[in-house]
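Undergrad: Can you look at this prediction? I've put the sequence above it.
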Amino acid sequence: MTGRLVRAVAPDAPAVRILVDGGEVTAYAGESVLVAVLAARNALRRHEFSHEMRAGFCLMGACQDCWVWLADHSRVRACTTEVADGMHILTSTPPGFAT
Ligand code: FES
């Protein structure tokens with residue numbers, strides 16, 4: 001699958017296995033959740049109110065356009081959160097999460 005981003009340099013960091021909405025994605029240690037998801041998919045998430053597709057905006061932790069959820073339903077900014085092996089990322093608001 002081709003994503004919105006293409007890594008310009010082959011990562012020399014170890015590969016880590018993450019899940020995005022239950023699908024396995026290969027990421028590399030040290031990269032952000034946003035890079036890992038956008039290297040694999042065309043969008044990061046659906047906006048919780050408009051439901052339009054979003055890919056982040058500022059990429060530096062300021063705009064809050066990149067909220068995603070982890071399997072424990074904690075919410076993180078994808079652009080400032082590093083991937084971790086076994087991380088399960090949810091790109092839609094989990095049921096019962098107050099927006
Ligand atoms: S893209 Fe702006 S806070 Fe993450």
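TA: Cool, the structure landed. Numbers count the residues shown, from 1 in each chain.
Undergrad: Next, count neighbours for the residue lying closest to Gly96 once chain neighbours are set aside.
TA: Spatial nearest neighbour of Gly96, excluding adjacent residues (C-beta to C-beta, 6 or more residues apart in numbering): His73 at 7.8 Å. The C-beta positions use only the backbone N, C-alpha and C, and glycine is treated the same way. Number of residues near His73 (other C-beta atoms under 10 Å) recorded here: 12.
Undergrad: Against Arg41, how distant is His73?
TA: 21 Å (C-beta to C-beta, to the nearest Å).
Undergrad: one step back: unless I'm mixing things up, the residue nearest to Gly96 is touching Phe97, no?
TA: Yes - judged on C-beta atoms under 8 Å, His73 makes contact with Phe97 at a distance of 5.9 Å.
Undergrad: Now the residue nearest to Gly96: which helix or strand?
TA: Using DSSP states H and E, no element contains His73; it sits outside every helix and strand.
Undergrad: contacting residues for it?
TA: 90, 94, 96-97 (C-beta atoms under 8 Å, 6 or more residues apart in numbering).
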